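Colleague: please find the sequence and the predicted model below.
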Amino acid sequence: MSRQQFELNRRQFLTAGTVAAAGATLPGCVDTDGEDFGRPEGVPLSNFNRNSTAESVTAGIDLTGMTAMITGCNSGLGFETMRVLTMRGATVIGAARTMEKAEEACASVPGKAIPVVAELSDLDSLVACGEAVEKIGLPVDRLILNAGIMALPELEQVNGIERHFFVNHLGHFVLTNRVMPSLLRSKSGRVVVLSSSGHSFAPEDGIPFDNLSGETGYEPWKMYGISKLANGLFSLELNKRLAGSKATSNSVHPGVINTNLGRHFPWWQRIAASLIGWTFMKSIQAGAATQTYVATALPLEGYGGYYFSDCNPVNPDPRMQDEAQAAKLWDVSVDLTKPYLL
């Protein structure tokens, strides 16, 4: 074997090993869309796909006069969604954990963006955020619940609740409640909840209501999956409760994207993702497409209670369609956050 052939084979071996290691140890980077549960009947399909971008799904759409609110506006999918919506003429209320981050992000987009603070682990912050949105005085036509955390290596709690569940679900539950008056003033409000195919990492029987503290059997990906299942069930129940209004709620799977959501991964996993992530991950531009499409597509007017992936409706894991568990999640969420709700 020549030295050139040896080096080629060595590189191929190392690359294959890196991909295998990434697949084995980064379950959040394994897209589970391969499970085919079909498509819901009667929901409009689009011509877009996993390669479409937020810009392409909004091409030719004038969003002048629309107001959208986005959590996690300062980076990744949230920033890209805000950038594209403002580029198309929408006013965006950009929420971030600090005013500094929100202001910097809002100043960086081509159109009008208004910064607000929404620290999802601080319910007082979310009450203040709702009050700030009310003072802005604009109807919120689109509420895009984009922010979140993923795969914390060790158990962390907020007010005695496991942090993934608190931040990804309860924080957005309270924020949605506080913004609801502004949303219902819209002629046709839409809530878009960022879930994930990672909901498949939740236990087979769904949300463990007797272990929301996370103290029994903490596993990073399981807890992340529980929170993403909660996002989908919250959207399902919210849409049911919006019946009779002109507002709707849908959840989305953005795809697998290398954003700072993976900042808690070990250093070598982050490097692996940056080196070979292009082989199986979407770009941020493509990752933002589905939530942007669901928020803006005219054919989706009046459609709610669905789950979208690659800019089209799909039937998720049956656990995401469990109406009884969705109703229970709502009641438990109210009990946990009641002092902070309108």
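Modeller: Nice, I can see it.

Colleague: return the distance of residue 198 relative to residue 44.
Modeller: Distance of residue 198 to residue 44, given as Cβ to Cβ, to the nearest Å: 26 Å. Just so you know, the C-beta spots here come from the backbone N, C-alpha and C atoms, and that holds for glycine as well.

Colleague: between the two, who's got more neighbours?
Modeller: Comparing residue 198 with residue 44 by other Cβ atoms under 10 Å, the one with more neighbours is residue 198, at 25 against 12.

Colleague: name the nearest residue to residue 194, sequence neighbours excluded.
Modeller: residue 146 (5.0 Å; Cβ to Cβ, 6 or more residues apart in numbering).

Colleague: and that neighbour, what pLDDT?
Modeller: Residue 146 carries a pLDDT value of 98.

Colleague: what do you get for residue 165?
Modeller: 98.

Colleague: contact partners for it?
Modeller: Taking Cβ atoms under 8 Å, 6 or more residues apart in numbering, we find residue 165 in contact with 212, 214, 223, 226-227, 230.

Colleague: test my guess that the residue nearest to residue 194 contacts residue 78.
Modeller: Yes: in terms of Cβ atoms under 8 Å, residue 146 counts as a neighbour of residue 78; the distance is 4.3 Å.

Colleague: need the residues touching each of the two.
Modeller: Contacts common to residue 146 and residue 78, judged by Cβ under 8 Å, 6+ apart, are 70-72.

Colleague: nearest to residue 83, of the residues you listed?
Modeller: residue 70 (10.3 Å; Cβ to Cβ).

Colleague: name the nearest residue to that closest one, sequence neighbours excluded.
Modeller: Among residues not flanking residue 70 along the chain, residue 144 sits closest, at 4.5 Å (Cβ to Cβ, 6+ apart).

Colleague: quickly check the contacts of residue 165 for the two that are furthest apart.
Modeller: 214 and 230, at 13.0 Å, using Cβ to Cβ across those.

Colleague: centroid-nearest residue for the protein?
Modeller: Residue closest to the average C-alpha location in the chain (Cα atoms, centre = their mean): residue 194, at 2.2 Å.

Colleague: list the beta-bridge partners for that one.
Modeller: For residue 194, the beta-bridge partners under DSSP bridges are residue 252.

Colleague: got the phi and psi for residue 162?
Modeller: phi -50, psi 140 (degrees, to the nearest 10).

Colleague: gap between it and residue 326?
Modeller: Counting by Cβ to Cβ, the gap from residue 162 to residue 326 is 19 Å.

Colleague: please say which of residue 214 and residue 230 ends up with more neighbours.
Modeller: Just comparing residue 214 and residue 230: by other Cβ under 10 Å the higher neighbour count belongs to residue 230, 29 against 23.

Colleague: surely the more buried one meets residue 171?
Modeller: No: counting by Cβ under 8 Å, residue 230 stays clear of residue 171, with 11.2 Å between them.

Colleague: buried residues in stretch 184-193?
Modeller: Neighbour-count burial for stretch 184-193 flags 186, 189-193 (criterion: 16 or more other Cβ atoms under 10 Å).

Colleague: likewise stretch 118-137?
Modeller: 118-123, 125-130, 132-133.

Colleague: what do you get for stretch 210-220?
Modeller: 211-212, 214, 218, 220.

Colleague: need those residues in a markdown table with secondary structure, can you?
Modeller: Shown next, in a markdown table, are the buried residues of stretch 210-220 (DSSP: H, G, I helix; E, B strand; the rest coil):
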| residue | secondary structure |
| --- | --- |
| 211 | helix |
| 212 | coil |
| 214 | coil |
| 218 | coil |
| 220 | helix |
